[in-house]
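Enquirer: When you get a sec, could you give me coordinates for this:
(4 chains)
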There are 2 protein chains.
Amino acid sequence: MELSKDLVAASATPIVLAILAQGENYGYAIIDQVRRLSEEQIQWADGMLYPVLHRLEKHGLIRSRMAHSNGRKRKYYRLTTSGSHALKRHREQWSIVHSTLSKLWRTAYVLCGSQNCRMA
Amino acid sequence: MELSKDLVAASATPIVLAILAQGENYGYAIIDQVRRLSEEQIQWADGMLYPVLHRLEKHGLIRSRMAHSNGRKRKYYRLTTSGSHALKRHREQWSIVHSTLSKLWRTAYVLCGSQNCRMA
DNA sequence: CCCGTATACATAGAAGTACTATGTATAGAA
DNA sequence: TTCTATACATAGTACTTCTATGTATACGGG
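Expert: Residues are numbered from 1 along each chain as shown, chains lettered A, B, ... in the order given. Purely as a prediction, here's the structure:
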């Protein structure tokens, strides 16, 4: 399924920060992990991800180092202390919105069920 | 807590559609309901909401009618059929992202716990 | 050995969107 | 009468984003 642009945009940062909270990682592997974790539902283009990584680094939330692995040049990223704090804030904010949406969907589903309209 | 701009932007449409799935409503009351459902965590400005309502109407997801209530002129909005479908899609997309983030946060929390760093 | 695919990172440009600030109008309460 | 709450509107600036395209290199298959 193709996600809307604003949802992709809004979730890219928290997803990247959460992935890097598990340990340092490089761009291509991040894209891969997102694809697997979402069961192929989220497919990030590399041209989408790298500007996000650059911006996060510019804002001091992550830091990078060049390295060679398996004969490959790779740019590894890791969280900074600011990044850990940002991750926590993003999680709190996302939870607020999610909780609000969940209440609404629960209510809408109940109302919808009784009115025989189509909600999932 | 103040939500980031992109999260506010990304969640405005699904929230509005979910509220209108419960029945027609007007701008000011929508803002009020969002504030209450989020326990004062989400505070929408009216200047934020009305352009969203206008855009959703323009895209045919909602429809409006003017009415007087309690001596007040109010613009009531309701979902269209397209709007119901859009609501469903938004919910599916949001769930995909949420599920992905939840897996990441669960993993990061476990890793983080063992490494004595600060995650909620 | 050559070619195509996968891996790996980068960036310019156009497009679009968003929010803030400010506006008008009116009802109600002190 | 004044101030606050209610109710809706919109212009402008600013920012961000993604797409398309680029370069580079390793690996696998024919």
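
Enquirer: Mind checking what secondary structure A:Gly47 has?
Expert: helix (DSSP: H, G, I helix; E, B strand; the rest coil).

Enquirer: One more: the one 5 residues further on?
Expert: In terms of secondary structure, A:Val52 is helix; the call rests on three-state DSSP.

Enquirer: Could you double-check that it sits in contact with A:Val16?
Expert: Yes - with contact defined as C-beta atoms under 8 Å, A:Val52 counts as touching A:Val16 (6.1 Å). No exception for glycine: its C-beta is placed from N, CA and C like everyone else's.

Enquirer: Looking at the two, which is more packed in?
Expert: Between A:Val52 and A:Val16, counted using other C-beta atoms under 10 Å in any protein chain shown, the more crowded position is A:Val16 (27 against 18).

Enquirer: OK, contacts around the more buried one?
Expert: Contact analysis of A:Val16 by C-beta atoms under 8 Å, 6 or more residues apart in numbering or on different chains lists A:30, A:49, A:52-53, A:56, A:62.

Enquirer: Surely it forms part of a helix?
Expert: Yes - per three-state DSSP, A:Val16 lies within a helix segment.

Enquirer: now it: how far from DNA strand C?
Expert: Distance of A:Val16 to DNA strand C, computed by C-beta to the nearest atom of the strand, to the nearest Å: 12 Å.

Enquirer: now do A:Gln22
Expert: For A:Gln22, the distance to DNA strand C (C-beta to the nearest atom of the strand) stands at 16 Å.

Enquirer: And the residue of chain A that's closest to DNA strand C?
Expert: For chain A and DNA strand C, the shortest gap (C-beta to the nearest atom of the strand) falls at A:Gly27, measuring 2.8 Å.

Enquirer: what's around that residue, how many residues?
Expert: By other C-beta under 10 Å, the residues close to A:Gly27 number 19.

Enquirer: Those residues of chain A touching DNA strand C, which are they?
Expert: Within chain A, the residues that sit near DNA strand C (C-beta under 7 Å from any atom of the strand) are A:6, A:26-29, A:46-47, A:50-51, A:53-54, A:69-70, A:72-76.

Enquirer: Can you narrow these down to the ones near chain B?
Expert: Applying C-beta under 8 Å from any C-beta of the partner chain to the residues of chain A next to DNA strand C, one finds that A:Asp6 fall near chain B.

Enquirer: For ChimeraX, write a command that selects the buried ones of the residues of chain A next to DNA strand C.
Expert: Buried subset of the residues of chain A next to DNA strand C, written as a ChimeraX selection, criterion 16 or more other C-beta atoms under 10 Å in any protein chain shown:
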select /A:26,27,53,74,76
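
Enquirer: Brilliant, that's me finished.
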